[in-house]
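S.K.: just to be clear, the model below is a prediction. Sequence and coordinates:
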Amino acid sequence: MIDPISFRKLSLEEKQNFTDEVYPMVKTSLGENPTFKPYIDPIGSVYTRLKQAAQAISHPELTSEINEGDDLRDGGIRSLKSTADHSVNRTDPAWSTAGQRVLNLFRDFGNNMADLSLAKETTAIDNFLGAIDSNPELKKDITTIQGDIWLQDVRDGQQKVKSGIAKRDASKKSDEAAAFDIARELGANIDKLFRYINMKIEFEPTPELKALSFELNKVIARYRKNVSLRATLREKAKKENTDKK
């Protein structure tokens, strides 16, 4: 007999991984059997929809937009700093003085802004641009060292990153809800198939069905162990928090 699996307690990723393992097993063993086919085929179609919905959550098109913006602003930041570095060695005092003031700005906000995590860099560049926009002299210094083109790259890249993040965050909640609705449907279909196989094993047992249930149970045991471990960790954390009060 096939052991029960609390499909609803699996994470979305675990639901996909579990189906990745069990669907090919039942499809290969029973997929062409007309008795089981009406139970197996719906799992395949619903699973395809779940993978598409899960892919939508990550929004690869928005991730690409964010990465493009990040590359643009990183290049602008590095090029502006490089321009300022070279400017301090110019014989023209206007250039060297302006270059030094721009370098001081980098020192104030961090020379490694372009190497920070996405969120930290976004905050740092907001502050960096705010300091420039509130200081006409700094704007003039950047123009003096011919750094306006690099500053514009920083602005354009920052806007692209923030726009992509905003669009991704706005759609994430509804996308996750859609994926979990499909996952519930998938779980119901898997449960229906497993119950039908168990009924057949009980009343019309065959070596094929017994062998299949044995292999399925090995997969199920691993996922049940994960669910049990999470429950244990939650209880432990809950107890620790209670003891601290």
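M.R.: Looks like it came in fine.
S.K.: pLDDT below threshold where in the chain?
M.R.: 57-61, 173-174, 240-245 (pLDDT under 70).
S.K.: helices of that one, residue ranges please.
M.R.: 12-30, 37-58, 60-87, 93-109, 118-133, 136-144, 148-203, 207-244 (DSSP state H).
S.K.: just put the ones you listed in TSV and tack on mean neighbour count.
M.R.: Quick note: C-beta positions are derived from backbone N, CA and C, even for glycine. Below are the helices of the chain laid out as TSV (neighbours: other Cβ atoms under 10 Å):
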stretch	mean neighbour count
helix 12-30	17
helix 37-58	16
helix 60-87	18
helix 93-109	17
helix 118-133	16
helix 136-144	15
helix 148-203	16
helix 207-244	12
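S.K.: so which of those gets nearest residue 6?
M.R.: helix 207-244 (5.8 Å; Cβ to Cβ).
S.K.: which helices and strands does that closest one pack with?
M.R.: Using 3 or more Cβ pairs under 8 Å, 6 or more residues apart in numbering; DSSP states H and E, the elements in contact with helix 207-244 are helix 12-30, helix 148-203.
S.K.: out of these, which gets nearest to residue 115?
M.R.: Using Cβ to Cβ, these put helix 148-203 closest to residue 115, at 14.7 Å.
S.K.: the closest one to helix 207-244, inter-axis angle?
M.R.: Angle of helix 148-203 versus helix 207-244, following axes from the mean of the first three to the mean of the last three Cα atoms, to 10 degrees, is 120 degrees.
S.K.: give me the packing partners of helix 148-203, helices and strands only.
M.R.: Against helix 148-203 (3+ Cβ pairs under 8 Å, 6+ apart) you get helix 12-30, helix 37-58, helix 60-87, helix 118-133, helix 207-244.
S.K.: adding distance to residue 164, write those helices out as CSV.
M.R.: Formatted as CSV, the helices and strands packed on helix 148-203 follow (distance: least, Cβ to Cβ, whole Å):
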stretch, distance to residue 164
helix 12-30, 22
helix 37-58, 12
helix 60-87, 4
helix 118-133, 10
helix 207-244, 32
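S.K.: for residue 3, find the nearest of the helices of the chain.
M.R.: Using Cβ to Cβ, the helices of the chain put helix 207-244 closest to residue 3, at 5.1 Å.
S.K.: export the helices of the chain to TSV and append columns for distance to residue 4.
M.R.: Listed next are the helices of the chain as TSV, based on distance: least, Cβ to Cβ, whole Å:
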stretch	distance to residue 4
helix 12-30	13
helix 37-58	17
helix 60-87	36
helix 93-109	57
helix 118-133	42
helix 136-144	66
helix 148-203	8
helix 207-244	8
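S.K.: for residue 1, find the nearest of those.
M.R.: That would be, of these and by Cβ to Cβ, helix 148-203, which comes in at 5.1 Å.
S.K.: give me the domain ranges for the protein.
M.R.: The record assigns the chain these domain ranges, following automatic domain parsing: 7-59+172-240, 72-168.
S.K.: and of those domains, who's closest to residue 65?
M.R.: It's domain 72-168; of these, that one is closest to residue 65 (Cβ to Cβ) at 4.0 Å.
S.K.: for the nearest residue to residue 74 once chain neighbours are set aside, give me its contacts.
M.R.: Excluding the flanking residues, the one nearest residue 74 by Cβ to Cβ, 6 or more residues apart in numbering is residue 114, at 4.1 Å. With contacts defined as Cβ atoms under 8 Å, 6 or more residues apart in numbering, the neighbours of residue 114 are 73-74, 77-78, 121.
S.K.: how about a cut-off of 6 Å?
M.R.: 74, 77-78 (Cβ atoms under 6 Å, 6 or more residues apart in numbering).
S.K.: circling back to that earlier point, closest one to residue 5 among the helices of the chain?
M.R.: Using Cβ to Cβ, the helices of the chain put helix 207-244 closest to residue 5, at 4.8 Å.
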